[in-house]
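Trainee: okay, structure incoming, though there's no sequence with it:
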Ligand SMILES: Nc1ncnc2c1ncn2[C@@H]1O[C@H](COP(=O)(O)OP(=O)(O)O)[C@@H](O)[C@H]1O
Ligand SMILES: [Mg+2]
């Protein structure tokens, strides 16, 4: 059964891996040289020896630990919320018969065509009108549920849950919400894990929205905190070496999360694929 | 205990012009095993799902005992259902699957465990109670699905083709197991299948359905001996009844130049039906002359397939004959039957002539 891929496939995969890993490598190069070296031409191609130096400066200049905690709280909360609501809505679209279900689904999908940048300014205005800026909650609120999440869960659940199983739960006496917990959630688990991780990563790396909504506040996420790494306090020019060192530090938790859950995720995907 | 009554029940699916079930009138007596049989797509599952409360009823009423359940949710109908694909919860053990409805009903743990254990005993599942459905064979899963229905001791069992995912041997065994269990428990049962052999062997009575319309209800042998129309005549019995066009006059029917004895109520065109086992050899020159094309030897008896020239067109005829006969391919045999063995139908409406 396990056939070895052909050399061409290997080459393509290798190129893909290198391409994906390069930005991280580049980050590390810049983060491991001095500020002066970072801005020289031609740029450095090999890591320098200043990474720990830069890293310790990052810790001195910004409140890294509290930003890390904020990022964990906001990303974690958003991931849980997106998973919960997307699974609920995706299940309804996939399995419940109700008037207007198709039209509503089309509408949800259509909202994905709107560039999020377009909504940024109106959303910010709305938030400041409501007095919601500058809080953890303000960063997380737009991430309570995503159109992509709903669409993704619907596509998964349409095939993952046999209709008979829902009927069986109804005959057994499950209420609608109990049917959801008993039948849909166990079946949805692999997709929920993927969606959760994906959302966590998206919110973790989001920069524009927290920058706008947290402006002038004590609350900062990792990305907005890193933005404060200027060449000197009060300057507007960013210190690239420090920024990249900080970026590496901010990426480590994500990498750890992927390593911890990766195996589980892959088996989840495979299970879904072969269940048929 | 309770009977089941369908009164003028109709269901038309949204987007469809033809009802999936049309003005169904059917009574299943208390404790009876009624088999609802018909070709795929004829509305059997829809009927059963309406009884279970899983499908809306557009017109008419459904009663369990004298309770009108037409608009009750499934859990308030005191029914249990066995599904074609078993529909076991994959993340629960066998015991949890069987006890789930009882748990939802608020039954205490000890009584629940006792009931599950009793049902498991009955179904030979005691050793598998802690397994997940994934780790069971098809036959075992089927029994768990039965067990889940039994533990509730409901007034009504609904079964939708519960054997169609089993291999042939397992199906024959489970068929008799279910019939025996149902008789033992005395729970009124509506059993759906497309397999007429299952219907004939299991049902106290059988209801035949076609295109959403009930064709005939009765004990298996009644359906076999006196099919009320051409559809029932051809659907019940295997190999199926020989059906030929003919013209009745007096006490004989002319079938394309051959003659069969029959008691036709009036002269005119008819469809003649004769079951394979009702033919007998004859010397009469007017009898049906059949050219043998194939002999199916079953050991216990044999089926002789042949063609008969009916007004110039060859017509397939199947004759049951004793096993190990001397008839061979290419032979010509002459067969006739007795007037009381002949079924006559109206070619225009398909209804039986009496
Ligand atoms: N959910 C549904 N929506 C629309 N049409 C359906 C639905 N379920 C069944 N039908 C149609 O109703 C008819 C009867 O179906 P069904 O009761 O499942 O037949 P059977 O169980 O006898 O094979 C079929 O023509 C089928 O296509
Ligand atoms: Mg069916």
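Mentor: Cool, got the structure. Fair warning: this is a prediction, and the values are worked out from it, not measured in the lab. Ligands and ions are numbered 1, 2, ... in the order given.
Trainee: would you map out the domains in chain B?
Mentor: Here the domain assignment for chain B is B:4-230, B:242-345, based on automatic domain parsing.
Trainee: for these, which one sits closest to ligand 1?
Mentor: Each of these has some distance to ligand 1 by CB to the nearest ligand atom; the shortest is domain B:4-230, at 3.0 Å. Every residue, glycine included, has its C-beta placed from N, CA and C.
Trainee: quick check: mean pLDDT of the closest one?
Mentor: Domain B:4-230 shows an average pLDDT of 96 in the prediction.
Trainee: closest one to chain A among the domains of chain B?
Mentor: Distances from chain A to each of the domains of chain B were compared by CB to the nearest CB, and the smallest falls on domain B:4-230, at 3.7 Å.
Trainee: hang on, the earlier thing: okay if I get the domains of chain B as a markdown table plus mean neighbour count and distance to chain A?
Mentor: Putting the domains of chain B into a markdown table (neighbours: other CB atoms under 10 Å in any protein chain shown; distance: least, CB to the nearest CB, whole Å) gives the following:
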| stretch | mean neighbour count | distance to chain A |
| --- | --- | --- |
| domain B:4-230 | 19 | 4 |
| domain B:242-345 | 16 | 37 |
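Trainee: which among these is found nearest to residue A:145?
Mentor: Checking the domains of chain B against residue A:145 by CB to CB gives domain B:4-230 as the closest, at 25.5 Å.
Trainee: sorry, back to before: distance to residue A:134 for the domains of chain B - can I get that in CSV?
Mentor: CSV is the format used below for these (distance: least, CB to CB, whole Å):
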stretch, distance to residue A:134
domain B:4-230, 43
domain B:242-345, 85
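Trainee: the helix or strand hosting residue A:70 packs against which elements?
Mentor: Under the criterion of DSSP states H and E, residue A:70 resides in helix A:64-95. If contacts are counted by 3 or more CB pairs under 8 Å, 6 or more residues apart in numbering or on different chains; DSSP states H and E, helix A:64-95 sits against helix A:101-111, helix A:136-140, helix A:147-160, helix A:185-205, helix A:222-226, helix A:240-275.
Trainee: what's the spacing between residue A:258 and residue A:204?
Mentor: 11 Å (CB to CB, to the nearest Å).
Trainee: neighbour count winner among those two?
Mentor: The residue with more neighbours, out of residue A:258 and residue A:204 and counting by other CB atoms under 10 Å in any protein chain shown, is residue A:204; that gives 22 against 12.
Trainee: that older thread, okay if I get the helices and strands packed on helix A:64-95 as JSON lines plus mean pLDDT and distance to chain B?
Mentor: As requested, the helices and strands packed on helix A:64-95 are exported to JSON lines (pLDDT from 0 to 100; distance: least, CB to the nearest CB, whole Å):
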{"stretch": "helix A:101-111", "mean pLDDT": "94", "distance to chain B": "12"}
{"stretch": "helix A:136-140", "mean pLDDT": "93", "distance to chain B": "31"}
{"stretch": "helix A:147-160", "mean pLDDT": "95", "distance to chain B": "11"}
{"stretch": "helix A:185-205", "mean pLDDT": "93", "distance to chain B": "4"}
{"stretch": "helix A:222-226", "mean pLDDT": "94", "distance to chain B": "37"}
{"stretch": "helix A:240-275", "mean pLDDT": "79", "distance to chain B": "10"}
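Trainee: Serialize these to TSV and add fields for distance to residue B:217.
Mentor: Written out in TSV, the entries for those read as follows (distance: least, CB to CB, whole Å):
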stretch	distance to residue B:217
helix A:101-111	38
helix A:136-140	63
helix A:147-160	39
helix A:185-205	40
helix A:222-226	73
helix A:240-275	41
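Trainee: and among those helices, the most buried is which?
Mentor: The densest packing among those, expressed as mean neighbour count by mean count of other CB atoms under 10 Å in any protein chain shown, is seen in helix A:222-226 with a mean of 24.
Trainee: roughly how far out does that helix sit from the chain middle?
Mentor: In terms of CA atoms, centre = their mean, to the nearest Å, the gap separating the centre of helix A:222-226 from the centre of its chain is 15 Å.
Trainee: from the contact counts, what lies against that helix?
Mentor: Using 3+ CB pairs under 8 Å, 6+ apart as the contact definition, the elements that helix A:222-226 packs against are helix A:64-95, helix A:208-213, helix A:240-275.
Trainee: which among the ones you listed is found nearest to residue B:17?
Mentor: Closest to residue B:17 of these is helix A:64-95 (CB to CB; 26.0 Å).
Trainee: buried residues, the closest one. List them.
Mentor: Neighbour-count burial for helix A:64-95, with 16 or more other CB atoms under 10 Å in any protein chain shown as criterion, is recorded at A:64, A:67-68, A:70-71, A:74-79, A:81-95.
Trainee: how is chain A carved up into domains?
Mentor: Recorded structural domains for chain A (assignment: automatic domain parsing) are A:1-61+A:233-249, A:63-228.
Trainee: kindly reformat those domains as TSV containing distance to residue B:239.
Mentor: Written out in TSV, the entries for those read as follows (distance: least, CB to CB, whole Å):
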stretch	distance to residue B:239
domain A:1-61+A:233-249	44
domain A:63-228	33
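Trainee: out of these, the one nearest ligand 1 is which?
Mentor: Using CB to the nearest ligand atom as the measure, domain A:63-228 is the one of the domains of chain A that comes nearest ligand 1, at 8.3 Å.
Trainee: in this structure residue B:112 contacts residue B:103, no?
Mentor: Yes. The pair residue B:112 / residue B:103 is scored as a contact, 6.4 Å apart, by CB atoms under 8 Å.
Trainee: next up, the contacts around residue B:187.
Mentor: Applying CB atoms under 8 Å, 6 or more residues apart in numbering or on different chains, we find residue B:187 in contact with B:1, B:31, B:153, B:154, B:155, B:156, B:157.
Trainee: go again with 6 Å.
Mentor: For residue B:187, the set of contacting residues under the criterion of CB atoms under 6 Å, 6 or more residues apart in numbering or on different chains consists of residue B:157.
Trainee: do the same with the one 3 residues further on
Mentor: Applying CB under 6 Å, 6+ apart, we find residue B:190 in contact with B:28, B:34, B:158.
Trainee: do that again at 7 Å, thanks
Mentor: Residues in contact with residue B:190, defined by CB atoms under 7 Å, 6 or more residues apart in numbering or on different chains, are B:4, B:28, B:34, B:36, B:48, B:51, B:158.
Trainee: among the residues you listed, which lie within helices?
Mentor: Restricting the contacts of residue B:190 to those inside helices, with DSSP state H as the criterion, leaves B:48, B:51.
Trainee: worst mean pLDDT among the domains of chain A?
Mentor: Taking each of those in turn, the one with the lowest mean pLDDT is domain A:1-61+A:233-249, at a mean of 88.
Trainee: how distant is that one from the center of its chain?
Mentor: On CA atoms, centre = their mean, the centre of domain A:1-61+A:233-249 falls 20 Å from that of its chain.
Trainee: swap in stretch B:269-282?
Mentor: Computed by CA atoms, centre = their mean, the separation of stretch B:269-282 from the middle of its chain amounts to 23 Å.
Trainee: likewise for stretch B:40-48?
Mentor: 12 Å.
Trainee: do it and ligand 1 meet?
Mentor: Yes. Legend: contact between stretch B:40-48 and ligand 1 by CB under 6 Å from any ligand atom is shown at B:40, B:41, B:42, B:43, B:44, B:45, B:46.
Trainee: list the contacts of that stretch.
Mentor: Surrounding stretch B:40-48, the residues in contact under the criterion CB under 7 Å, 6+ apart are B:11, B:20-21, B:24, B:36, B:38, B:55, B:158, B:160, B:190, B:192, B:194, B:209-212.
Trainee: quick one: end-to-end length of that stretch, please.
Mentor: With CA to CA, to the nearest Å applied, stretch B:40-48 spans 14 Å between its terminal residues.
Trainee: perfect, that will be all.
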